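Peer 1: Attaching a predicted model along with its sequence, questions to come.
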Amino acid sequence: MSGFIPQDILDRILDATDILALVGQHVPLKRSGQSHKGLCPFHNEKTPSFFVSPQRQTFKCFGCGIGGNAFSFVMEHEHCSFPDAVQMLAERAGISLPQSAPTGPGREERLGLEQLLKRTAELYARTLHAARGEPARAYLAERRISDESISRWTLGFAPDGWSFLLDKATQAGSSVKDLEQAGLVLRAEDSGHTYDRFRNRLMFPIHDVRGRVTGFGARCLDGTEPKYINSPQTVLFDKSRCLYGLFQAKQSIAQRRQALIVEGYTDVIMTHQCGVGNAVATLGTALTRQHIDLLRRFADEAVLVFDADTAGAKASDRSMELFIEREFPVRLATLPAGQDPCDYCLQNGGPVFEQKIEEARSLYVYKIDQAAQLNDATPRERAEAIDELLRLVSMIPGSVEQRIQLDEVVRNAVMALGVDERSLRRRYVELLRANRRRKSETAEPPSVRQDAPPAVEAELVGLALADPASLARLAGELAPDELTDDRLTEIYSCIIEMYRNNGKVEARQVVSAAPHLAAMVVDLEESSRRAGNFEQNLEGALERWKMEQVKRERFSIRQRMKLADLEGNTDLLRQLSRNYQELNRRYHDLNRQM
């Protein structure tokens, strides 16, 4: 980000943002020495381990390890990217970002469309409460959606007629081109005339995760088909990446670490109205990888809610495989036949609905139950049902997880279906091999485990962050590429670059330059400050670092000596032996000095 927005702009935003006030909007804080503490908003705890430092303008939770500056807090709390966090804090501080900011192609165009959609949602909302909005109000009353919910979800009404919005928007200064790009009007192929896309429909504004209107869902009120339509894909709206209600539900989802996925707009609204605030819905599409990745930013599991008539088909939907591929736990909750979540919540109330969620079954258990109910099925149909179950298990990434789930599935299947355990396991192996062959060409490389960095390297980088005198010395003695940990190399490279450009470095600037390493930056600086004795600690850390270098060189030479011996290269072997003896002398000299 700092490569696109000058560091001085990022510094202005941070200078204009009091992290104590920012965090205090979301977390009750109490003074504790020079810091303030409270319960961490990012994990459940009973004893406060979350600290905010007004002096350093940083925060740190010693329970879950999350920390950083104001940008980091917004990224974690709003589950957004660094550019989005910069934009939010810039708007909060009244600071304009440079036109070259990487907020996507056509930035001015996007901002103009955002404002147009916002004004359109407000117009539809006003129209709902006008005389012509009576049909929509009658429908909402029939569904028992409260006035509070109508207001919270900004529900509206697009009246019948061909040019209601077209006339209002153009009179207010919007162009027909903008209306087309926002997906609000259509152009007739024969005449070229434009007309309103949404007519005589109840309007559901669709928001992105930051609360900006990006499109609309619309329900007909006169029997017109299709019953529901959505905005078309635009530069702002893509239904494969959008979930209805996520903006309103994200805090509840993050607190519960669970997302409920229902099917319709009114299902989402009614579950929230009844006190179950973690429900979202897709926009008439099957679940996508993007939907699941979006939910993973907030939740640890998803619960899909269906009525009994459609649950079987939904459980067999190939989108279920995506949960397994993305390693995102999913359970299924089934409502009585013919009842959607809206009806069920109205009839039974939120607490009873939540009990249904508690009773939700894993996908595997649901599949076993399905197979057990195939009383009149042919042997082939039962075999196909069992194959489907085992195939899903074979898709689980990780051999340990597969083994655990397989043991559970086999145990339950033997009891429920009366099948032979050995036959199940043999069939599983066959399916597993087939699945591995199918995935071999597209398998992603395994993720790299992020271990703790080498202690002495972490101490040196921490000293560079915390103490200007230490940084001045290290800049001349330690190059970034001499560090062995990639994360520390990146942090230290930022430090050296800032030092050479500005003559000083602040941790908050380093966090802005490397936001994905914010917690590590805060850890390094705070650990160094707590230790104190900068000069003495620097001397000790440098001596240990030099010893580590010598040890690595000795190891490298030993490996080369083995190879030279195998090849019979006596000249090289003698030279390497002399180098090894010299390194040994250096190592012992350093050891005596410590």
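Peer 2: Cool, got the structure.
Peer 1: Just after whatever helix or strand Leu460 lives in, pick out the following helix or strand.
Peer 2: Assigned by DSSP states H and E, Leu460 belongs to helix 455-466. Sequence-wise, the next helix or strand downstream of helix 455-466 (DSSP H and E) is helix 468-477.
Peer 1: Now for Ile491: which residues touch it?
Peer 2: 461, 510, 514, 517, 520-521, 524 (C-beta atoms under 8 Å, 6 or more residues apart in numbering). Quick note: C-beta positions are derived from backbone N, CA and C, even for glycine.
Peer 1: how about the helix holding Leu460: buried residues?
Peer 2: By 16 or more other C-beta atoms under 10 Å, the buried positions in helix 455-466 come out as 456-466.
Peer 1: now these in CSV, with distance to Ile150?
Peer 2: Formatted as CSV, the buried residues of helix 455-466 follow (distance: C-beta to C-beta, whole Å):
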residue, distance to Ile150
Val456, 62
Glu457, 58
Ala458, 54
Glu459, 58
Leu460, 59
Val461, 54
Gly462, 54
Leu463, 58
Ala464, 56
Leu465, 52
Ala466, 54
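Peer 1: between these, which is nearest Gly161?
Peer 2: Nearest to Gly161 out of the buried residues of helix 455-466 is Leu465 (C-beta to C-beta; 63.6 Å).
Peer 1: Next up, the contacts around that closest one.
Peer 2: Leu465 makes contacts with 471, 495, 505, 507, 510, 521, 524-525, 528, as judged by C-beta under 8 Å, 6+ apart.
Peer 1: repeat that with 7 Å
Peer 2: Counting by C-beta atoms under 7 Å, 6 or more residues apart in numbering, Leu465 touches 495, 505, 507, 510, 521, 524-525, 528.
Peer 1: mind giving me JSON lines with those residues and columns for secondary structure and neighbour count?
Peer 2: Formatted as JSON lines, the contacts of Leu465 follow (DSSP: H, G, I helix; E, B strand; the rest coil; neighbours: other C-beta atoms under 10 Å):
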{"residue": "Ile495", "secondary structure": "helix", "neighbour count": "24"}
{"residue": "Val505", "secondary structure": "coil", "neighbour count": "22"}
{"residue": "Ala507", "secondary structure": "helix", "neighbour count": "24"}
{"residue": "Val510", "secondary structure": "helix", "neighbour count": "29"}
{"residue": "Val521", "secondary structure": "helix", "neighbour count": "30"}
{"residue": "Leu524", "secondary structure": "helix", "neighbour count": "26"}
{"residue": "Glu525", "secondary structure": "helix", "neighbour count": "26"}
{"residue": "Ser528", "secondary structure": "helix", "neighbour count": "24"}
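Peer 1: The worst-scoring helix or strand of the chain on mean pLDDT: what's the following helix or strand?
Peer 2: Ranking every helix and strand in the chain by mean pLDDT, DSSP states H and E puts helix 308-315 at the bottom, with a mean of 59. Counting by DSSP H and E, the next helix or strand C-terminal to helix 308-315 is helix 319-325.
Peer 1: which other helices and strands contact that following helix?
Peer 2: Other elements packing on helix 319-325 under the criterion 3 or more C-beta pairs under 7 Å, 6 or more residues apart in numbering; DSSP states H and E are helix 289-296.
Peer 1: end-to-end on stretch 327-344?
Peer 2: End-to-end distance of stretch 327-344 (C-alpha to C-alpha, to the nearest Å): 30 Å.
Peer 1: ok now it, how far from the chain's centre?
Peer 2: Relative to its parent chain, stretch 327-344 has a centroid offset of 24 Å by C-alpha atoms, centre = their mean, to the nearest Å.
Peer 1: okay, the buried residues of helix 455-466 in CSV with pLDDT and distance to Cys80 next?
Peer 2: Converted to CSV, the buried residues of helix 455-466 look like this (pLDDT from 0 to 100; distance: C-beta to C-beta, whole Å):
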residue, pLDDT, distance to Cys80
Val456, 84, 36
Glu457, 87, 31
Ala458, 88, 28
Glu459, 88, 33
Leu460, 89, 33
Val461, 88, 27
Gly462, 87, 28
Leu463, 88, 32
Ala464, 87, 30
Leu465, 88, 26
Ala466, 85, 29
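Peer 1: so which of those would you say is closest to Ser149?
Peer 2: Nearest to Ser149 among the buried residues of helix 455-466: Leu465, at 49.2 Å, using C-beta to C-beta.
Peer 1: Could you give the bridge partners of Ser53?
Peer 2: Counting by DSSP bridges, Ser53 forms beta bridges with Thr58.
Peer 1: How many neighbouring residues does it have?
Peer 2: 19 (other C-beta atoms under 10 Å).
Peer 1: cool, Val419 as well?
Peer 2: Val419 has 17 neighbours, counted by other C-beta under 10 Å.
Peer 1: And it, how close does it get to Val409?
Peer 2: The gap separating Val419 from Val409 is 11 Å, by C-beta to C-beta, to the nearest Å.
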